[in-house]
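# With the input below, show me the fold.
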Amino acid sequence: MPPGDDRSFLKAGIPTVSFGIVPAAEAHQLWLMLNGANAGLAPGTAPGILRTIHTAEDTSAKLDAETMARVFRFTLSLARTVARR
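Below you'll find the model as predicted:
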């Protein structure tokens, strides 16, 4: 998620994995922006996450419990897979 919280860890030499959970339409908008395909976005618009991240509105109140549980399960599975290698 540009610019993500992981950037400061990377600068300190700490390996990171960053997950972003956003609605499918926002994920597509981010992909368009990151791949220079802004033609797919309405002029003057940006994905909602870019208007929220690192602002006073960026609070834990916006988190969805089921989504966080899914992220936890995925992260745990990923960590176990990496540890086995």
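
# helix, strand or coil for Ile14?
Assigned with DSSP: H, G, I helix; E, B strand; the rest coil, Ile14 falls in the coil class.

# What values do phi and psi take at it?
Main-chain torsions, Ile14, degrees, to the nearest 10: phi -100, psi 120.

# How much space separates it from His28?
Taking CB to CB, to the nearest Å as the measure, Ile14 falls 30 Å from His28. To be clear about C-beta, it is placed using only N, CA and C from the backbone, and glycine gets the same treatment.

# Just want to know which of these two has more residues nearby.
Shown here are Ile14 and His28; by other CB atoms under 10 Å, His28 has more neighbours (15 against 9).

# centre of the chain versus the helix or strand encompassing the more buried one, how much separation?
According to DSSP states H and E, His28 maps onto helix 24-34. Relative to its chain's centre, helix 24-34 lies at 11 Å (CA atoms, centre = their mean, to the nearest Å).

# what's the average pLDDT for it?
Mean pLDDT, helix 24-34: 83.

# Isn't Ile21 up against Thr67?
Yes - applying CB atoms under 8 Å as the test, Ile21 and Thr67 come out as touching, 5.3 Å apart.

# and those two? which has more neighbours close in?
Neighbours were tallied for Ile21 and for Thr67 using other CB under 10 Å; the higher tally belongs to Ile21 (14 against 10).

# List the buried residues for the lengthiest helix in the chain?
Across the chain, the helix with the greatest residue count (assigned by DSSP state H) is helix 65-84. Judged by neighbour count (16 or more other CB atoms under 10 Å), helix 65-84 contains no buried residues.

# what secondary structure does the most centrally placed residue in the chain sit in?
Among the residues of the chain, the one closest to the centroid is Gly20, at 2.2 Å (CA atoms, centre = their mean). What three-state DSSP gives for Gly20 is coil.

# Quick check on it: phi, psi?
The phi/psi pair for Gly20 (degrees, to the nearest 10) is phi -130, psi 130.

# Double-check it against Asp5; I have them as touching.
No - if you go by CB under 8 Å, Gly20 and Asp5 don't touch, sitting 10.5 Å apart.
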